[in-house]
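Chemist: Predicted model follows, preceded by the sequence.
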Amino acid sequence: MRRSVAYRGNVLARTVTHALVGLDPRRVEVEAHLQRGVPGFAIVGLADRACQEAKHRVRSGITSAELEWPQRRITVNLAPADLRKEGPGFDLPIALALLGASRQLPADNLAGHAAVGELALDGRLRPVPGALAAAEGARRSGLERLVCAAESSAEVALAGVRPVAVCHLVEAVEYFRGERDPPEPEPPAEPELPQSVPDLADVRGQERARRALELAAAGGHNLLLAGPPGIGKTMLARRLPGILPRLDDVDAFEVTRIHSVAGLLAPGAGLLRTPPFRAPHHSVSTAALIGGGPTPRPGEVTLAHRGVLLLDELAEFPRSALEALRQPLEDGIVAVARVGGRAIFPAHFQLVGTMNLCPCGARGDAAAECSCSPTQLDRYRHRVSRALLDRVDLVLALPRPRAAELGTHAGEASDVVRTRVTAARTVLATMTAPLAPSAAELLDRAVERLPLSGRGRARVLRVARTIAACAASDAVAAEHVAEALSYRSPSELERP
């Protein structure tokens, strides 16, 4: 397959790829320039180390494909030059630009195509994270096709761009020479609901907590479960994803793109219809939780977008990490600013926290005696600030279940509860139920007598509307407001 190529003067070829800034694709033109002189290979345009190492992968891939390596002075420019380029996804566009400049494939045929992929030393093509975002960028640029690894073709097709799936660099060259047609993209598989999602039927007792869990799912409310260890707080929290409705097309595409950029999307998977669930350990750093780093990357709050973020043992998390949650909980976004630029990540998630009521764990348990001093209790209470608790809609102190409750039969299954949750969300989407006079009076009295801020009042009213929707009520009544007020911060979590 090797061809002898005659060079005349300086030659130039271009391909198009995309760099990721946060979750947003930015168009990058890959220019390959060959000129006479001492043979060499330089990549310019603010490329990071992984991108600079493409020189070795591209050279080995081209020679392994039995193509000719240009014995010229090679300069590859990644434009715009002030945009930082990261990762191995530039291997394939660099190789195609080099082969176009050396006339081993028609350079004009590269027009109308984008390319992304990592080259192995033997010329095979490997998938890279963010193929869906790159395809979305290609569509915005008016490009109809994207050359990519075969494993990435399913997610590329989700963006409305036709994938040119190749397994080897030879196949890409044959395609641009007109010697082979790209295979028709297979429809992406629709992932089923993971079997590992635990069922709510496993929970015995804790009826009030089950009620709070259903309200949280119906209204998208934040939830905090507190109480002695071993009473089922984590067990309940891990069952919230199982009663959430499936994602619609818009939310599913957004979640799928986030997981594609993070490298969490399985090969061949279609849109992720199941709400994501993230449960980081309490040793997580602020940057890992919120997002950031030298080059801004999505954190756990963004990976939980349109899903659930579980913070088990909430009081054990670093105070700085918990305080950083306040802005995402309020605005639904994370804005990470660095000297080199600014990235915005979506972060519409449900926060679910669990915690003990004291360091020793005995507080709130009638069968145990708390050995914590007032100073220890005060220090423990201050690990979770009042400002963060004010952003939690449902706060519940759970008692230890009795033996009779633990011995009862299984409760309602997640499928049954999910049906009610879906119906309640449908009602909430078009709900115009007015606030009854008695309910408004009760809410005003609560603002005067309880430590209820303006934000707290709005959240109580939001929970009351969810309760009314679950009850299929035409108005928000006083009993709905009363139940919503019962989920505010309980006395067990107040400062001793």
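Modeler: Alright, I've got the coordinates.
Chemist: Excluding chain neighbours, what is closest to the residue nearest to the spatial centre of the chain?
Modeler: The C-alpha lying nearest the average C-alpha coordinate of the chain belongs to Leu303 (Cα atoms, centre = their mean; 2.3 Å). Counting by Cβ to Cβ, 6 or more residues apart in numbering, the nearest residue to Leu303 once its immediate chain neighbours are dropped is Arg278, at 5.2 Å. Using the backbone N, CA and C atoms, a C-beta is placed for each residue, glycine as well.
Chemist: and that neighbour, what are its bridge partners?
Modeler: Leu309 (DSSP bridges).
Chemist: Is it in contact with Gly299, as I believe?
Modeler: No - counting by Cβ atoms under 8 Å, Gly299 is not a contact partner of Arg278; they are 9.4 Å apart.
Chemist: Please say which of these two ends up with more neighbours.
Modeler: Counted by other Cβ atoms under 10 Å, Arg278 and Gly299 do not tie: Gly299 has more neighbours, with 29 against 18.
Chemist: Next one, pLDDT for that one please.
Modeler: We have a pLDDT of 95 for Gly299.
Chemist: Not counting residues beside it along the chain, what's closest to it?
Modeler: Gly291 (3.3 Å).
Chemist: Let me see the backbone angles for the one you found.
Modeler: phi 110, psi 150 (degrees, to the nearest 10).
Chemist: same question, Pro374
Modeler: phi -60, psi -30.
Chemist: hang on, isn't Ala413 packed against Asp202?
Modeler: No - using Cβ under 8 Å, Ala413 is not in contact with Asp202, being 9.4 Å away.
Chemist: and the residue nearest to Gly299, what does it touch?
Modeler: 297-299, 301-302, 334, 336, 343, 345 (Cβ atoms under 8 Å, 6 or more residues apart in numbering).
Chemist: Now do the same for the residue nearest to Leu303: its pLDDT.
Modeler: Per-residue confidence for Arg278 comes out at a pLDDT of 96.
Chemist: One more: Asp312?
Modeler: At Asp312, pLDDT is 96.
Chemist: for it, phi and psi?
Modeler: phi -80, psi 140.
Chemist: Any figure for the gap between it and Val197?
Modeler: Remark: distance between Asp312 and Val197 (Cβ to Cβ, to the nearest Å) = 17 Å.
Chemist: more crowded one of these two?
Modeler: Set Asp312 next to Val197 and count neighbours by other Cβ under 10 Å: Asp312 wins out with 19 against 16.
Chemist: My read is that Pro88 contacts Val116, right?
Modeler: No - contact between Pro88 and Val116 fails when scored by Cβ under 8 Å: they sit 9.8 Å apart.
Chemist: overlap in contacts of the two?
Modeler: Shared contacts of Pro88 and Val116 (Cβ under 8 Å, 6+ apart): Val128.
Chemist: who has more neighbours, these two?
Modeler: Between Pro88 and Val116, counting by other Cβ under 10 Å, Val116 is the more crowded of the two (31 against 18).
Chemist: Low-confidence bits of the protein, can you list those?
Modeler: 1-10, 186-196, 339-340, 404-407, 490-496 (pLDDT under 70).
Chemist: got the buried residues for whatever helix or strand Arg27 lives in?
Modeler: Assigned by DSSP states H and E, Arg27 belongs to strand 24-35. Buried residues in strand 24-35, counted by 16 or more other Cβ atoms under 10 Å: 25, 27-28, 30-34.
Chemist: tell me which of those is nearest to Ile231?
Modeler: Taking Cβ to Cβ as the measure, Ile231 sits nearest to Pro25 out of those, at 47.0 Å.
Chemist: Now do the contacts for that closest one.
Modeler: 18-19, 130, 133-134, 136-137, 140.
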